[in-house]
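**Student:** structure, please.
(4 chains)
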Number of protein chains: 2
Amino acid sequence: MYEKYVKILKDHTLKITSPRLEVLKYLDEHHTHPNVEEIYSSLKKTHPSLSRTTVYNSLEILKKNRIVQSLAISGSELRYDIDERLHHHFICNRCGAILDISIACPNMDKTLQGGHRVEEVQGYFKGICKKCQTKEKGRSNNG
Amino acid sequence: MYEKYVKILKDHTLKITSPRLEVLKYLDEHHTHPNVEEIYSSLKKTHPSLSRTTVYNSLEILKKNRIVQSLAISGSELRYDIDERLHHHFICNRCGAILDISIACPNMDKTLQGGHRVEEVQGYFKGICKKCQTKEKGRSNNG
DNA sequence: ATACTAAATTGTAATAATAACAAAAAAGAA
DNA sequence: TTCTTTTTTGTTATTATTACAATTTAGTAT
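**Tutor:** Below is the predicted model of the structure:
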């Protein structure tokens, strides 16, 4: 059940703790780029002793070890993602959904830019997602 | 002095107000990607009646009209930039500086991605800037 | 120039995300 | 099992941003 996540933590010589395993599992099973609140309130249901601060701490150490990545995309909060290989994101200004975008990008694996040491690369698009566009059309046709 | 900014506002049929002119001028003269606090406290010196809320409001309407762009790059606050043609950014994890990066990117003018309507494109790199790397070396050599 | 109206500015108070901190609990090594 | 260090927890503090109502102002019509 949790072996996969235990292994990930061990491989990074991180202590195996219940919150870390749960956070990791949650992100692995929910590729919706949740914010801290979503992760916390969801895990809280089955682990009532969980603290919000622990979610912050766990995410931070997972991030430091490059197991997860954070997206500064919404502007008001960080969103988290299991750090599969680099990909871009699209955020819908209407519904807030964050979607993965798989497109070729020549700048994704740069480790140097203008003399600066690059540790993280992010690309994102903002706009109106396909789903919300459909809703929009429906609304304007009906009323 | 302000004709340039008056023209910009007029071209977008926005009312000409002192705060808007000042914010616009500030961003035009400071390409440092300031946050709201920097803009506010700087303008406050010469315009004591200015309110922080007004800076927020002005930036928002300028953004809606695509005169400025906001960068959700730091994770904790929005940074603002006169919306010159699209370019990437680099943010230093050490000193917090945000620097413009001019590189070719095939995805910068996309208006559609996977069926989603794109209204904004952002690409950013995080890491250690050239300047901070130099400082780092100096420190480790000296003790 | 004057009066009018809608929109903008101001200041305060509320909200929300995150960080700081100290005490209690738990992980991993001896 | 004991010990030490790290982690978790809960509370409190901080910071960016939004909400809101009252005052002021821009631009227009008179």
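
**Student:** same for the helix or strand hosting residue A:28, what does it pack against?
**Tutor:** Using DSSP states H and E, residue A:28 maps to helix A:18-29. In this structure, helix A:18-29 makes packing contacts with helix A:3-11, helix A:36-46, helix A:52-64, strand A:79-82, judged by 3 or more Cβ pairs under 8 Å, 6 or more residues apart in numbering or on different chains; DSSP states H and E. Glycine gets a C-beta too; all of them are placed from N, C-alpha and C.

**Student:** deepest of those, which one?
**Tutor:** Among those, the stretch with the highest mean neighbour count (mean count of other Cβ atoms under 10 Å in any protein chain shown) is strand A:79-82, at a mean of 20.

**Student:** would you mind writing the CA trace of that strand as CSV?
**Tutor:** Presented in CSV, the C-alpha positions along strand A:79-82 are these (Å, rounded to 0.1, in the frame of the first residue of the first chain):
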residue,chain,number,x,y,z
ARG,A,79,-0.4,24.6,-5.7
TYR,A,80,1.4,21.3,-5.5
ASP,A,81,2.2,18.6,-7.9
ILE,A,82,4.2,15.4,-7.9
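
**Student:** establish whether that strand and DNA strand C are in contact.
**Tutor:** No. Residues of strand A:79-82 contacting DNA strand C under Cβ under 7 Å from any atom of the strand: none, with a closest distance of 8.2 Å.

**Student:** following element in sequence after that strand, please.
**Tutor:** Per DSSP H and E, the first helix or strand lying C-terminal to strand A:79-82 is strand A:88-92.

**Student:** which pLDDT value goes with residue A:138?
**Tutor:** At residue A:138, the model reports a pLDDT of 61.

**Student:** wait, which of the helices and strands packed on helix A:18-29 is closest to DNA strand D?
**Tutor:** Among the helices and strands packed on helix A:18-29, helix A:52-64 comes nearest to DNA strand D, with 3.2 Å by Cβ to the nearest atom of the strand.

**Student:** average pLDDT for that closest one?
**Tutor:** Mean predicted lDDT for helix A:52-64 stands at 98.

**Student:** how about the residues of chain A by DNA strand D?
**Tutor:** Looking at DNA strand D, the residues of chain A close enough under Cβ under 7 Å from any atom of the strand are A:14-15, A:17-20, A:47, A:49-54, A:57-58, A:61, A:75-76.

**Student:** again, only using 6 Å
**Tutor:** A:14-15, A:17, A:19-20, A:49-51, A:53-54, A:57-58, A:76 (Cβ under 6 Å from any atom of the strand).

**Student:** so which bits of chain A are right by DNA strand C?
**Tutor:** Taking Cβ under 6 Å from any atom of the strand, the part of chain A that reaches DNA strand C is made up of A:15-17, A:35-37, A:53, A:56, A:76-78.

**Student:** what's the farthest-apart pair in those residues?
**Tutor:** Greatest spatial distance among the residues of chain A next to DNA strand C (Cβ to Cβ): A:16 and A:76, at 32.8 Å.

**Student:** which one's more surrounded, these two?
**Tutor:** Neighbours were counted for residue A:16 and for residue A:76 using other Cβ atoms under 10 Å in any protein chain shown; residue A:16 has more, 13 against 10.

**Student:** and the more buried one, its phi and psi?
**Tutor:** Backbone torsions of residue A:16, given as degrees, to the nearest 10, read phi -90, psi 110.

**Student:** picking up where we left off before, so for chain B, which of the helices and strands packed on helix A:18-29 sits nearest?
**Tutor:** For chain B, the closest of the helices and strands packed on helix A:18-29 is strand A:79-82, at 10.0 Å, according to Cβ to the nearest Cβ.
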